[in-house]
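Asks: Next come a sequence and a model predicted from it.
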Amino acid sequence: MTPGSPIADHDIAAHVPRLRRYATALVGNRPDADDLVQDCVEKALANRHALRDPSRLGGWLMSILHNLHVSVLRGRRRRGAEVPVEDLADDLALSATPADRGEVRDFVRAFGQLTEEHRAVLLLTGMEGLSYREVAEVLELPIGTVMSRLARARERLRALLDGGVEQAVVRRIK
């Protein structure tokens with residue numbers, strides 16, 4: 001793709017596996033993730049003319065997906081009743097070897113206790129391998145905010161994994 005060239009359907013389709021992986025990590029289950037990806041692709045196809053630089057397609061798609069996810073979260077807050085991420089710990093743990101299942105459960109539970117903002121930066125940097133600048137573009141934040149959120153998210157996750165909520169609170173007070 002060159003600047004100014006139209007974005008073809010197959011260009012967007014090539015990003016679907018990455019979008020699905022990020023969406024699954026965000027929402028915690030495949031069916032909702034697939035719905036989110038479908039909505040993202042639909043919106044991207046309808047608005048592909050708005051992307052001025054086709055070389056930024058991946059980041060643009062991630063931004064659309066993230067914004068749709070935030071909209072869904074806002075809608076759910078108005079409606080209420082969500083399934084906690086911790087409820088998925090056993091499902092994810094079953095895909096791990098028996099020796100690692102406890103660690104997977106602990107990680108999923110700790111990850112579920114993080115704020116949405118912290119989960120997003122951890123997923124985009126750790127799982128998707130985006131640079132700080134790319135994450136800043138996807139989340140529409142200053143790069144410094146991304147860096148501080150990532151540092152706080154890692155610290156909080158580490159504290160939760162080391163000693164649970166009580167230990168995380170004690171560390172913050174010290």
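Replies: Sure thing, it's come through.

Asks: what ranges of this protein fall below the confidence cut-off?
Replies: In the predicted model, the chain carries pLDDT under 70 at residues 1-5, 76-102, 164-174.

Asks: Swap in 90 and give it another go.
Replies: Applying pLDDT under 90 to the chain flags the ranges 1-9, 25-29, 48-55, 70-113, 116, 123, 126-129, 161-174.

Asks: In contact with residue 60, which residues are there?
Replies: 44, 51 (C-beta atoms under 8 Å, 6 or more residues apart in numbering). The way it works is simple: take the backbone N, C-alpha and C, and place the C-beta from them, glycine included.

Asks: From residue 20, how far out is residue 73?
Replies: Using C-beta to C-beta, to the nearest Å, residue 73 is found at 19 Å from residue 20.

Asks: the more surrounded of those two?
Replies: residue 20 (18 against 14; other C-beta atoms under 10 Å).

Asks: can you tell me which residues contact that one?
Replies: Residue 20 touches 33-34, 37, counting by C-beta under 8 Å, 6+ apart.

Asks: for residue 37, same thing?
Replies: 16, 19-20, 23, 65.

Asks: got it, and residue 161?
Replies: 106-107, 110.

Asks: Nearest to residue 61 among these?
Replies: residue 107 (27.2 Å; C-beta to C-beta).

Asks: Not including adjacent chain positions, what is the nearest residue to that closest one?
Replies: In this structure, residue 107 finds its nearest non-sequential neighbour in residue 161, 6.8 Å apart by C-beta to C-beta, 6 or more residues apart in numbering.

Asks: what's the spacing between residue 44 and residue 28?
Replies: 23 Å.

Asks: Equivalent analysis for residue 62, please.
Replies: 18 Å.

Asks: And these two? Which one has more around it.
Replies: residue 62 (24 against 21).

Asks: then the helix or strand hosting that one to CSV, C-alphas only?
Replies: Element membership for residue 62, per DSSP states H and E: helix 57-79. Extracted C-alpha coordinates of helix 57-79, given in CSV (Å, rounded to 0.1, in the frame of the first residue of the first chain):
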residue,chain,number,x,y,z
LEU,A,57,-3.8,0.7,8.8
GLY,A,58,-2.9,-1.6,11.7
GLY,A,59,-2.9,1.1,14.3
TRP,A,60,-6.0,2.6,12.8
LEU,A,61,-7.8,-0.7,13.1
MET,A,62,-6.6,-1.2,16.7
SER,A,63,-7.9,2.2,17.5
ILE,A,64,-11.3,1.4,16.1
LEU,A,65,-11.4,-1.9,18.0
HIS,A,66,-10.3,-0.2,21.2
ASN,A,67,-12.9,2.6,20.9
LEU,A,68,-15.7,0.1,20.1
HIS,A,69,-14.7,-1.9,23.2
VAL,A,70,-14.8,1.2,25.4
SER,A,71,-18.2,2.0,24.0
VAL,A,72,-19.4,-1.5,24.8
LEU,A,73,-18.1,-1.1,28.4
ARG,A,74,-19.9,2.2,28.8
GLY,A,75,-23.1,0.6,27.6
ARG,A,76,-22.7,-2.3,30.0
ARG,A,77,-22.2,0.0,32.9
ARG,A,78,-25.5,1.6,32.1
ARG,A,79,-27.1,-1.8,31.8
